[in-house]
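1. Prediction below, plus the sequence it came from.
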Number of protein chains: 2
Amino acid sequence: MTLETIRVNEIFGPTIQGEGALIGQPTVFVRTGGCDYRCSWCDTLHAVDSAYRDEWHPMTPQAIMMQVEILSGGKSLTISLSGGNPAIQPLGGLIELGRREGYRFALETQGSLARDWFKKLDVLTLSPKPPSSGMETDWQKLAECVEAAGPETRTVMKVVIFDDADYTYARDVAARYPELRLYLQPGNHTPSHPQEADSAIDMAGIMERMRWLVEKVTTDKLYTATVLPQLHTLIWGNLRGV
Amino acid sequence: MTLETIRVNEIFGPTIQGEGALIGQPTVFVRTGGCDYRCSWCDTLHAVDSAYRDEWHPMTPQAIMMQVEILSGGKSLTISLSGGNPAIQPLGGLIELGRREGYRFALETQGSLARDWFKKLDVLTLSPKPPSSGMETDWQKLAECVEAAGPETRTVMKVVIFDDADYTYARDVAARYPELRLYLQPGNHTPSHPQEADSAIDMAGIMERMRWLVEKVTTDKLYTATVLPQLHTLIWGNLRGV
């Protein structure tokens, strides 16, 4: 077992997964600290901006699993590895350890860094960032991520959509990966600042973008797409830890 | 090909599936007329109560597929067969016809009547009705439905939850069918009457029941359950045809 430590920002749950392929499923989240991207609308700056690095704690895989098992009551469920970009952390040992205890692992990353341990995941969500993020997609790296996950892992794409340019980008992703399921998620314009208690969200705006997205997808006959909001945002607002 | 006609209440879409296993996926809905149940909180009385039977039109499978293809633009997608109780209609021929054209079929029924054509479905959602419905579950019939679908069809359970008694009932379903995924859906207290234009919904109440349900599921470690609201209700209210 590797002795490498993982930079952990927060471990919380169980709660339901609010997004994507496993929406609604009971999950414990392990959020790692650190990211190679700086998306303009980042909703987890506390796990991205190094100004928050005193909130990131080095933990061994064993210490992480001990914490997860306290939260789960010792009954296995899905562990979602998120960030930041969890792919920059050495997570292979954690996944091996957890799987031996019956846990399932999902990971979400922008697809900027391929890891050979992706193939040990149950679900890999690649969420390349559209133009509104201000980031550039390295399509070669994204392809390497799909390749690294291989046939045993369920790999899906997820794109956050704020505007028409983002939607055009998502169609490009669909064209490049017709065999992978594509999740389209309306952007949330109102992520709270990590230090703000305010959890108000623009519910009407999110629902308006949902209707707009459904209209786009059905008009364009993009029937391989799945359109889902961030359910946790609707239920709990922008509160952390739920 | 069967010449039997099917009593159709409405055909609409494509829009996204708002519930359960295929939530968010582009879908055309074929809603049949007639039901052997009278749930107290029924949200599709126009497809249940025979007072609305002049809205139910006998259609051949060919006529139904012709209408679906106009709506889908001739590109295959998932057709959701709902009602009322679609299991009381002769749908085997329609499913065969549509599948030959590349369409996928999902069906939702309370599980009161098993049909040998269940095995031709891609997804069978059995939604036995909890105590708040005022209906009694015939567990033997439900078992026959699972049996009829067989191993090729993805069979899932879905239970609508209004209160503690409903939740206890859902736990019983989970215990009887540990191998099937169970979807828990908070009940909607405000389905509009078919003749009312009002589409206002009790959003706060639905979200409060979501939080309550997530708390129940995580406290009880019912990790095989998936908790999802009716997404279409959140997006469009109780409007029909979306």
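-> Ah, there it is. Quick caveat, the model's predicted, so the values are computed rather than measured.

2. So which residues on chain A come close to chain B?
-> Within chain A, the positions adjacent to chain B are A:13-16, A:23-26, A:72-73, A:75-78, A:183, A:203, A:207, A:210-211, A:214, A:217-218, A:221-223, A:225-229, A:231, A:234-236 by Cβ under 8 Å from any Cβ of the partner chain. C-beta: built from backbone N, CA, C; applies to glycine.

3. show me the contacts for residue A:19.
-> A:158, A:183, A:185, A:228, A:230-232 (Cβ atoms under 8 Å, 6 or more residues apart in numbering or on different chains).

4. try 6 Å this time
-> In this structure, residue A:19 makes contact with residue A:230, judged by Cβ atoms under 6 Å, 6 or more residues apart in numbering or on different chains.

5. what's the spacing between it and chain B?
-> 10 Å (Cβ to the nearest Cβ, to the nearest Å).

6. Repeat that for residue A:80.
-> Counting by Cβ to the nearest Cβ - residue A:80 and chain B are separated by 13 Å.

7. ok, that residue touching residue A:29?
-> Yes. Counting by Cβ atoms under 6 Å, residue A:29 is a contact partner of residue A:80 at 5.0 Å.

8. rewinding a little: narrow the residues of chain A next to chain B to those in strands?
-> A:13-16, A:26, A:78, A:183, A:225-227 (DSSP state E).

9. still on that earlier bit, from the residues of chain A next to chain B, list just the buried residues.
-> A:13-16, A:23-26, A:72, A:76-78, A:183, A:203, A:207, A:210, A:214, A:217-218, A:222-223, A:225-229, A:231, A:234-236 (16 or more other Cβ atoms under 10 Å in any protein chain shown).

10. Show me what the longest helix along chain A is packed against.
-> In chain A, assigned by DSSP state H, the helix with the most residues is helix A:203-219. If you count contacts as 3 or more Cβ pairs under 6 Å, 6 or more residues apart in numbering or on different chains; DSSP states H and E, helix A:203-219 packs onto strand A:182-186, strand A:225-227.

11. export those strands to CSV and tack on mean pLDDT?
-> Compiled in CSV, these are given as follows (pLDDT from 0 to 100):
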stretch, mean pLDDT
strand A:182-186, 97
strand A:225-227, 98
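
12. Number of residues surrounding residue A:101?
-> Counted with other Cβ atoms under 10 Å in any protein chain shown, the neighbours of residue A:101 add up to 12.

13. what separates it from residue A:65, distance-wise?
-> For residue A:101, the distance to residue A:65 equals 7 Å [Cβ to Cβ, to the nearest Å].

14. nearest residue to the residue most central in space within chain A other than its sequence neighbours?
-> Compute the mean C-alpha point of chain A, and by Cα atoms, centre = their mean the closest residue is residue A:108, 3.5 Å away. Ranked by Cβ to Cβ, 6 or more residues apart in numbering or on different chains and with sequence neighbours excluded, the top spatial neighbour of residue A:108 is residue A:125, at 4.2 Å.

15. Am I right that the one you found is in a helix?
-> No. Checked against DSSP: H, G, I helix; E, B strand; the rest coil, residue A:125 lies outside a helix; its state is strand.

16. Number of residues surrounding it?
-> By other Cβ under 10 Å, 24 other residues sit near residue A:125.

17. in stretch A:32-45, what's buried?
-> So for stretch A:32-45, counting by 16+ other Cβ under 10 Å, buried means A:32-35, A:37, A:39, A:42-45.

18. actually stretch A:163-170, not the one I wrote
-> A:166-167, A:169-170.

19. Please apply the same query to stretch A:102-121.
-> Those would be A:103-115, A:117-121, for stretch A:102-121 by 16+ other Cβ under 10 Å.

20. tell me the secondary structure for residue A:159?
-> Residue A:159 ends up strand, using three-state DSSP.

21. residues contacting it?
-> A:130, A:170, A:173, A:184.

22. Residue A:17 contacts residue A:27, correct?
-> Yes. Counting by Cβ under 6 Å, residue A:17 touches residue A:27, with 4.4 Å between them.

23. between these two, what contacts are shared?
-> What both residue A:17 and residue A:27 touch, as defined by Cβ under 6 Å, 6+ apart, is an empty set.

24. Any stretches of chain A with poor pLDDT?
-> A:1-3, A:190-200, A:238-242 (pLDDT under 70).

25. In strands only, show me the buried residues of stretch A:32-45.
-> Short answer: those in strands (DSSP E) are residue A:32.

26. ok, the buried residues of stretch A:32-45 vs chain B, which is closest?
-> Of all those, chain B sits closest to residue A:43, with 19.3 Å by Cβ to the nearest Cβ.

27. My read is that residue A:77 contacts residue A:22, right?
-> No. Using Cβ under 6 Å, residue A:77 is not in contact with residue A:22; the gap is 10.6 Å.

28. okay, and the common contacts of the two?
-> Common neighbours of residue A:77 and residue A:22 (Cβ under 6 Å, 6+ apart) do not exist.

29. Excluding chain neighbours, give the residue nearest to residue A:92 in space.
-> residue A:117 (3.4 Å).

30. Please list all residues in contact with residue A:165.
-> residue A:131.

31. in which helix or strand would I find it?
-> helix A:164-176 (DSSP states H and E).

32. Just the CA coordinates for that helix, please, in PDB.
-> Below are the C-alpha coordinates for helix A:164-176, written out as PDB (Å, rounded to 0.1, in the frame of the first residue of the first chain):
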ATOM      1  CA  ASP A 164     -24.800  29.400 -26.700                       C
ATOM      2  CA  ALA A 165     -21.000  29.200 -27.100                       C
ATOM      3  CA  ASP A 166     -21.000  26.600 -24.300                       C
ATOM      4  CA  TYR A 167     -23.700  24.600 -26.000                       C
ATOM      5  CA  THR A 168     -21.800  24.600 -29.300                       C
ATOM      6  CA  TYR A 169     -18.800  23.400 -27.400                       C
ATOM      7  CA  ALA A 170     -20.900  20.600 -25.900                       C
ATOM      8  CA  ARG A 171     -22.100  19.500 -29.300                       C
ATOM      9  CA  ASP A 172     -18.400  19.300 -30.300                       C
ATOM     10  CA  VAL A 173     -17.800  17.000 -27.300                       C
ATOM     11  CA  ALA A 174     -20.800  14.900 -28.400                       C
ATOM     12  CA  ALA A 175     -19.400  14.600 -31.900                       C
ATOM     13  CA  ARG A 176     -16.000  13.600 -30.700                       C
END
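
33. quick one, it and helix A:203-219 angle?
-> For helix A:164-176 against helix A:203-219, the angle between stretch directions is 40 degrees (axes from the mean of the first three to the mean of the last three Cα atoms, to 10 degrees).

34. Against chain B, how distant is the residue nearest to residue A:108?
-> 14 Å.

35. Show me what that residue bridges to in the sheet.
-> residue A:108, residue A:156 (DSSP bridges).

36. contacting residues around it?
-> A:20, A:108, A:156, A:158.

37. out of those residues, what pair is the most spread apart?
-> Greatest spatial distance in those: A:108 and A:156, 9.7 Å, computed using Cβ to Cβ.

38. picking up where we left off before, among the contacts of residue A:125, name the buried ones.
-> Using 16+ other Cβ under 10 Å as the burial test, these include A:20, A:108, A:156, A:158 as buried.

39. Tell me the one among those residues nearest to residue B:52.
-> residue A:20 (38.1 Å).

40. my guess is that closest one meets residue A:160, correct?
-> No. With contacts counted by Cβ under 6 Å, residue A:20 stays clear of residue A:160, the gap being 10.7 Å.

41. With that, I have no additional questions.
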